[in-house]
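Enquirer: no FASTA, just this:
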């Protein structure tokens, strides 16, 4: 499976990785590369837990039309 992730630097200089398709799936790292590696691991773990609990693996994400 492939997922879109967001990686950004917070006010303390730490890089945060989030996967919007999996609620609560967040990780961090000291570099962008570390944050990306860590969010990949977090995605695997989150999917395993959600499957074990019988929860939907992902939620629907969309790009709504915001044009006037």
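Expert: Done, it's in. A quick note: this is a predicted structure, and the numbers were derived from the prediction, not measured.
Enquirer: wait, doesn't residue 36 sit right on residue 30?
Expert: No: using C-beta atoms under 8 Å, residue 36 is not in contact with residue 30, being 12.0 Å away. From N, CA and C alone the C-beta is placed, and that goes for glycine too.
Enquirer: who has more neighbours, the two?
Expert: Set residue 36 next to residue 30 and count neighbours by other C-beta atoms under 10 Å: residue 36 wins out with 15 against 11.
Enquirer: quick one: buried residues of the strand or helix carrying that one?
Expert: In this structure, residue 36 sits in helix 32-52 according to DSSP states H and E. Buried residues in helix 32-52, counted by 16 or more other C-beta atoms under 10 Å: 35, 38-39, 42-43, 46-47, 50.
Enquirer: Dig out what the residue nearest to residue 37 when sequence neighbours are not counted forms beta bridges with.
Expert: Leaving aside its chain neighbours, residue 37 sits nearest to residue 29 (7.0 Å; criterion: C-beta to C-beta, 6 or more residues apart in numbering). Per DSSP bridges, the residues bridged to residue 29 are residue 15.
Enquirer: Distance-wise, check residue 29 relative to residue 56.
Expert: As judged by C-beta to C-beta, to the nearest Å, residue 29 and residue 56 stand 27 Å apart.
Enquirer: Looking at the two, which is more packed in?
Expert: Each of residue 29 and residue 56 has its neighbours counted (other C-beta under 10 Å); residue 29 has more, 17 against 10.
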